[in-house]
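**Student:** Turn this into a structure:
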Amino acid sequence: MFNNKIPKDRVITYATLVGVAVCSLIIGLVVASKLNFTPLLNAVTSKIEEKKNNQAPTEDLRTFVELAKEMKPTAVNISTSKTIKRREMRPFRSPFGENDPFGDFFGGDDFFDRFFGQMPKEYKQRSLGSGFIIDEDGYILTNNHVVEGADEIKVRLSDKHEFDAKIVGKDQKTDIALIKIKSAHGLRIARLGDSEKLEVGEWVMAIGNPFGLEQTVTVGIVSAKGRVIGSGPYDDFIQTDASINPGNSGGPLINVKGEVVGINAAIIAGGQGIGFAIPINMAKNVIAQLKDKGKVTRGWLGVAVQMVTPELAKSFGLKEGKGALIAEVTKGGPAEEAGLEQGDVIVEFDGKEISEMNTLPRIVAETPVGKKVKMAVIRNGTRKEFSVKIAELSEEKEQEIAAGKETDKLGMAVSDITPEMAERLNVPAGSGVVVTDLEDGSSADEAGIKRGDVIKEVNKQPVKNMKAYNLAIKKALKEENILLLIKRGRSSIYIVLKP
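**Tutor:** Alright, predicted model coming up:
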């Protein structure tokens, strides 16, 4: 049989331990009350609850409500109209030629009028866009494509007041325009932020006039930075999933501090949740020039550069595919005078690292004319440093750079297809070159080529990149005609150019 009786000395020990524990608890509570630990406990609890419920982008979802109230008065709706002339059309031709026994029945000057009524020779084309006020004097920032070619510009404020506007200056290369209104009452001014500090994942708000729906507010995040989409030589777009639609162009992209960090500018046709905005820092560099001169003066280095692919990096003895490879040095240009050579890989310019080729043209363009800058290149595996004096990029030089020496004769500029462009154009990367610019009245324009066309063949010779294209064009210019295979949207067409 087991003896279940607990020894007396153990009972005393247990009772003593329980008593000590109770006394310790009481003393601890008294000390805690004296030291006032409650705020600390509450703070910890608050942090846990905040982390648990951190589905709101900021401290409170009402931040967006207050942000919309603050920023909507700074955004404006822009409507434009321009006169478009109809091309003269002769839809019917007489089968009898000049000796037509039926007179002007088939194609006389008043045939169309008699049977179909008088058709106007010109008409008004109207479009909508957005903008935001940056100055108490009535200066408004918007996209160049919103106001380009407009005969009349109307600006409508958030309080429904409407004003006539005039173009102060515009820059096609960055798609930025500055317009001005005369207002008798105080205007709400948008604060400009720092787009360089913007981070992927940050919340942003877009305000605009999509499809004519005034003062529309949408919210999303910064999806990516530094996007190159083929809209111009200085592409550096902020990608956002805040809804942007036709009519949003020129409107502000705003961070949670209430600062404009971008100008909404482009979308991908058929895409959802993919919009692009021009960094506000790029606009800051041109606003003063647009105010003073109506145009932008840019710096010029005098080199043609290309992307450093992994294969090229290996060939030039580089550890990684970074930098801008000099494919050509312009004779008499700043680079040649400084001692730069073909085959040098530019890795640093004016204290800024050049990791991507697309970065260099933008930084050089923003450099003041006449400034001496330090730059570093890799030559035959060795780092070398140079000092170069930046010259002015004239209109003639800019056209030559944009189009290329051979391509310029056709009146169009082309470029390699980046991964971002490939997604936008719905084509594989390395499947041709894309037309990024077109000169009005040029051979390319007259032949019917459009911006965004992908050139896949030149005279039945496949061209997968700029190098292959330039070689093919150089050879084709000796011929009477140039046959191009173009991919436009989902269709492919042949176009004949006359050099």
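**Student:** gap between residue 435 and residue 161?
**Tutor:** 42 Å (CB to CB, to the nearest Å). Every residue, glycine included, has its C-beta placed from N, CA and C.
**Student:** Between the two, which is the more surrounded one?
**Tutor:** Higher neighbour count among residue 435 and residue 161: residue 435, with 22 against 13, using other CB atoms under 10 Å.
**Student:** Count the residues that sit near the closest residue to the more buried one other than its chain neighbours.
**Tutor:** Once flanking residues are discounted, residue 435 sits nearest to residue 453: 4.6 Å by CB to CB, 6 or more residues apart in numbering. For residue 453, the tally of surrounding residues (other CB under 10 Å) stands at 25.
**Student:** pLDDT score assigned to residue 453?
**Tutor:** With respect to pLDDT, residue 453 scores 91.
**Student:** Residue 422 now?
**Tutor:** pLDDT at residue 422 comes out at 80.
**Student:** for the host helix or strand of it, packing partners?
**Tutor:** Assigned by DSSP states H and E, residue 422 belongs to helix 419-425. Counting contacts by 3 or more CB pairs under 8 Å, 6 or more residues apart in numbering; DSSP states H and E, helix 419-425 packs against no other helix or strand.
**Student:** ranges for the strands of the stretch 201-350 of the chain?
**Tutor:** For the stretch 201-350 of the chain, the strands defined by DSSP state E, counting those that start in this stretch occupy 203-208, 216-227, 237-240, 252-255, 259-267, 275-279, 298-300, 303-307, 324-329, 345-349.
**Student:** which of those strands sits most buried?
**Tutor:** With neighbours taken as mean count of other CB atoms under 10 Å, those reach their highest mean count in strand 252-255, at a mean of 28.
**Student:** Output it as PDB, restricted to C-alpha atoms.
**Tutor:** Provided in PDB are the C-alpha atoms of strand 252-255 (Å, rounded to 0.1, in the frame of the first residue of the first chain):
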ATOM      1  CA  PRO A 252      -0.300  65.400 -61.600                       C
ATOM      2  CA  LEU A 253       1.000  62.200 -59.900                       C
ATOM      3  CA  ILE A 254       1.100  63.000 -56.200                       C
ATOM      4  CA  ASN A 255       2.800  61.400 -53.300                       C
END
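**Student:** what's the distance between that strand and the middle of its chain?
**Tutor:** Remark: strand 252-255 is offset 14 Å from the chain centroid, using CA atoms, centre = their mean, to the nearest Å.
**Student:** what's it packed up against?
**Tutor:** helix 62-71, strand 203-208, strand 259-267.
**Student:** try 10 Å
**Tutor:** When contacts are defined as 3 or more CB pairs under 10 Å, 6 or more residues apart in numbering; DSSP states H and E, strand 252-255 sits against helix 62-71, strand 75-85, strand 122-133, strand 203-208, strand 216-227, strand 259-267, strand 275-279, helix 280-293.
**Student:** quick one: average pLDDT of the third one?
**Tutor:** Think strand 122-133. pLDDT averaged over strand 122-133 gives 89.
**Student:** For the helix or strand just after it, give the mean pLDDT please.
**Tutor:** Per DSSP H and E, the first helix or strand lying C-terminal to strand 122-133 is strand 139-142. If you average the pLDDT over strand 139-142, you get 97.
**Student:** Neighbouring strands - and their directions - for strand 139-142?
**Tutor:** strand 122-133 (antiparallel), strand 176-181 (antiparallel) (DSSP bridges).
**Student:** average pLDDT across the shortest one?
**Tutor:** If I follow you right, that is strand 176-181. On average, strand 176-181 scores 96.
**Student:** The chain - how does it break down into domains?
**Tutor:** 1-55, 57-86+121-293, 298-393, 403-497 (automatic domain parsing).
**Student:** ok, back up a step: from residue 417, how far off is the residue nearest to residue 435?
**Tutor:** Using CB to CB, residue 453 is found at 12 Å from residue 417.
**Student:** overlap in contacts of those two?
**Tutor:** Common neighbours of residue 453 and residue 417, using CB atoms under 10 Å, 6 or more residues apart in numbering, are 425, 432-434.
**Student:** Helices of the stretch 301-450 of the chain, start to end?
**Tutor:** Secondary structure of the stretch 301-450 of the chain (DSSP state H, counting those that start in this stretch): helices at 310-315, 334-338, 359-366, 395-403, 419-425, 443-447.
**Student:** in the second one, what counts as buried?
**Tutor:** Across helix 334-338, burial judged by 16 or more other CB atoms under 10 Å covers 334-336, 338.
**Student:** I'd like a version of those in a markdown table, one that adds distance to residue 365 as further columns.
**Tutor:** Below are the buried residues of helix 334-338 laid out as a markdown table (distance: CB to CB, whole Å):
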| residue | distance to residue 365 |
| --- | --- |
| 334 | 13 |
| 335 | 15 |
| 336 | 19 |
| 338 | 18 |
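**Student:** for the residues you listed, which one is nearest residue 201?
**Tutor:** residue 335 (38.4 Å; CB to CB).
**Student:** From residue 327, how far out is that closest one?
**Tutor:** 12 Å.
**Student:** Touching both of these two, which residues are there?
**Tutor:** Joint contacts of residue 335 and residue 327 (CB under 10 Å, 6+ apart) are 303-304, 342.
**Student:** So which of those is the closest to residue 247?
**Tutor:** Nearest member of the shared contacts of residue 335 and residue 327 to residue 247, counting by CB to CB, is residue 304, at 37.9 Å.
**Student:** who does the closest one bridge with?
**Tutor:** Here residue 304, judged by DSSP bridges, has bridge partners residue 328.
**Student:** Do I have it right that it meets residue 415?
**Tutor:** No. Applying CB atoms under 10 Å as the test, residue 304 and residue 415 come out as separate, 11.8 Å apart.
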